[in-house]
Structure formats: structure tokens, C-alpha cells
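Asker: Predicted model and sequence follow; I will ask about them next.
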Amino acid sequence: MAKVKAGKYDQAIVNFTRAIEAAPELPGAYNNRGNAYLFMEEMGKAILDYDKVIQLAPGYAVTYAQRGYAYFLLDQYEKAFSDYNKAIELTPDYAQVYYYRGLYYDVNNDLDNNDKDL
């Protein structure tokens, strides 16, 4: 994770891929590699990794939020909205997801709901 925080995304992806090869049943490396792809603006690859995390750990709210954000950046707003709602269902006090969902409402000119989330 240090490579991601340092902005060395290519090296982080190599390291997380090695971790996945060593322990493909553990969701953390997929999630972290997905984040590196997200930072590199490779949304399709990020979404594939987030899908794998959700398959392995369907209760991991942060991954729904991250995948939703990737969908949002791809202008796939309905998929983003669905993921944001799932993240909130799993972790109702996850404040950042309310902000993301508020962005969805903003894009859709839904000012009544936007005011509730932002």
C-alpha cells in the first residue's frame, strides 16, 4: 500500500499482483490493486478487481463505494448509485458514500435528495 500512497502505481500493481498470485482467496490485494488502477484512471481494470473483492467478501462496503466511484467517473451513474446504496446498506455511518451519492443526485438535478446527502 505504501507504493500507492507514494504515487508509484505501476510498482504497486506489480506487488499486489504477486500477492494475488500467492493468495488468490484474499480480497485485500484485489481491493488495493483496484485502487491503484483507479488512481491510474484504468476504470475497467479497477472495476474487475472490485468485482472480485465483492465475490470474495460481499459485506465489504468500502469496495462498493470504490466501484461506484469508478462507475461514476465512467458516467455510468445508475451503476454508481446502486453501489453507493449497497455501501450505505452495509455501513450506514460511512460518511464518504453519502457525499458520493450526493454527487449522483447533483448530476441528475435531484436537489431534494442532494441536500440530504451533501
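Answerer: Everything's here; your move.
Asker: List the residues that contact Ala87.
Answerer: By C-beta atoms under 8 Å, 6 or more residues apart in numbering, the contact list for Ala87 reads 61-62, 64-65, 68, 94, 97. (Each C-beta comes from the backbone N, C-alpha and C, glycine too.)
Asker: and it, what element?
Answerer: Counting by DSSP states H and E, the element that carries Ala87 is helix 77-90.
Asker: Give the buried residues for that helix.
Answerer: 77, 79-84, 86-88, 90 (16 or more other C-beta atoms under 10 Å).
Asker: Same list, those residues, but as CSV with pLDDT please.
Answerer: Listed next are the buried residues of helix 77-90 as CSV, based on pLDDT from 0 to 100:
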residue, pLDDT
Tyr77, 97
Lys79, 98
Ala80, 98
Phe81, 97
Ser82, 98
Asp83, 98
Tyr84, 98
Lys86, 98
Ala87, 98
Ile88, 97
Leu90, 98
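Asker: Just put those residues in CSV and tack on distance to Met40.
Answerer: Below are the buried residues of helix 77-90 laid out as CSV (distance: C-beta to C-beta, whole Å):
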residue, distance to Met40
Tyr77, 22
Lys79, 20
Ala80, 19
Phe81, 24
Ser82, 24
Asp83, 20
Tyr84, 22
Lys86, 25
Ala87, 22
Ile88, 27
Leu90, 27
